[in-house]
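Asker: Got a sequence here, can you build the structure:
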Amino acid sequence: MKALGIDIGGSAIKGAPVDLKTGRFAAERCRIEIDRETTPATMAGLAGEIARHFRWRGPIGVGFPGAVQGARIRTSANLHPRFVGCDGAKLFGRATGCRVTMMNDAEAAACAEMRYGAGRDFMGKALLLTLGTGVGTCLAYRGVVVPLELGHFPWKRGKDAEKHVSMAARDKEDLSWAEWGRRLRDFFGELERLLWPELIIVGGGVSAKHEKFFQYLHTRARLVPARLRNQAGIVGAALRAAESR
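Answerer: This next block holds a predicted model:
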């Protein structure tokens, strides 16, 4: 069984067909750069380009960086504000000509990591964070994934936490790995006090460089990088699409 996963981030839309038996890409990933000015109509057109690139006619899962309820997009902190209120399944379904299942992007990454990656067979409480343009968060307990929006937790000076601890914040402020790591340590400490996870999985592209900042994170829970790294969002979105048939 295969499905096409599409992962929308703050700087790119990426997609690939996924072999759901192994959790691996069945073809090389297609990536198209975007920005905050990319409108819903344009984004849908790019999703259509990805589907045509793979000559895809089957189920498609789309992970979006915001709160998603059913097919409806409720927040869009790092993308165009006109996404708010959109029926994502209809928007992307019309553009691709396929049945589309919507989900939060961090939820997609968590589903992939719990099925194929660092959380596989773990039946305790796991917290997964994706660090990129924003901060995505999910909690999993006994394999059941619950999407959260803790990147928007009011934190320093009342601003969203992701404004201080995302990769975008690190780049914008030109923080060293040590400086950024200490910010993450404080944020992770707050989340541990709130949620008491037994396992913390850190995803996003920066997870490939985890040795540069993990040394500054003193967590009570076991701390590991995501095994699927930046592929997790695509894999999880494809998995949800297949399971929603």
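Asker: Arg24 touches Val18, doesn't it?
Answerer: Yes. In this structure Arg24 lies within contact range of Val18 using Cβ atoms under 8 Å: 7.2 Å. Backbone N, C-alpha and C define where each C-beta goes, glycine included.
Asker: And the next helix or strand past the longest helix along the chain?
Answerer: Counting by DSSP state H, the longest helix found in the chain is helix 177-195. Counting by DSSP states H and E, the next helix or strand C-terminal to helix 177-195 is strand 199-203.
Asker: contacting residues around that following strand?
Answerer: Residues from elsewhere that reach strand 199-203 (Cβ atoms under 8 Å, 6 or more residues apart in numbering): 109-110, 113, 117-119, 122, 124-131, 136, 188, 192, 210, 214, 219, 221-226, 228-230, 232.
Asker: what does the average pLDDT come to for the strand or helix carrying Leu4?
Answerer: Per DSSP H and E: Leu4 is located in strand 2-8. For strand 2-8, mean pLDDT is 97.
Asker: Please identify the pairing partners of it and their relative orientation?
Answerer: strand 12-19 (antiparallel), strand 60-64 (parallel) (DSSP bridges).
Asker: Centre of the chain to the first one, how far?
Answerer: With Cα atoms, centre = their mean, to the nearest Å as the basis, strand 12-19 stands 13 Å off its chain's centre.
Asker: just checking, what packs against the helix or strand just after that strand?
Answerer: The helix or strand immediately downstream of strand 12-19 is strand 24-25, counting by DSSP H and E. Here strand 24-25 is seen to pack against strand 12-19 when contacts are counted using 3 or more Cβ pairs under 8 Å, 6 or more residues apart in numbering; DSSP states H and E.
Asker: The closest residue to Trp180 other than its chain neighbours: neighbour count?
Answerer: Sequence neighbours aside, Arg170 is the residue nearest to Trp180 in space, at 4.5 Å (criterion: Cβ to Cβ, 6 or more residues apart in numbering). By the criterion of other Cβ atoms under 10 Å, Arg170 has 21 neighbours.
Asker: just checking, what packs against the longest helix of the chain?
Answerer: Using 3+ Cβ pairs under 8 Å, 6+ apart as the contact test, the elements touching helix 177-195 are strand 125-131, helix 162-165.
Asker: could you dump those to a markdown table with distance to Leu199, mean pLDDT and mean neighbour count?
Answerer: Formatted as a markdown table, the helices and strands packed on helix 177-195 follow (distance: least, Cβ to Cβ, whole Å; pLDDT from 0 to 100; neighbours: other Cβ atoms under 10 Å):
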| stretch | distance to Leu199 | mean pLDDT | mean neighbour count |
| --- | --- | --- | --- |
| strand 125-131 | 4 | 96 | 26 |
| helix 162-165 | 19 | 94 | 22 |
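Asker: Ile60 is in contact with Ala3, isn't it?
Answerer: Yes. Using Cβ under 8 Å, Ile60 is in contact with Ala3, at 7.0 Å.
Asker: list residues touching both of the two?
Answerer: Ala241.
Asker: one step back: ranking the strands paired with strand 2-8 by burial, who's on top?
Answerer: Comparing the strands paired with strand 2-8 by mean neighbour count (mean count of other Cβ atoms under 10 Å), strand 60-64 comes out on top with a mean of 31.
Asker: which residues sit against that strand?
Answerer: 3-8, 47, 51, 73, 83, 88, 92, 96, 98-105, 107-109, 233-234, 236-242, 244.
Asker: Make a ChimeraX selection of the buried ones in the residues you listed.
Answerer: Selecting only the buried entries of the contacts of strand 60-64 in ChimeraX, with 16 or more other Cβ atoms under 10 Å as the criterion:
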select :3,4,5,6,7,8,47,51,73,83,88,92,96,98,100,101,102,103,104,105,107,108,109,233,234,236,237,238,239,240,241,242
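Asker: just checking, which of the contacts of strand 60-64 belong to helices?
Answerer: The members of these that map onto helices under DSSP H are 47, 51, 88, 92, 96, 105, 107-109, 233-234, 236-242.
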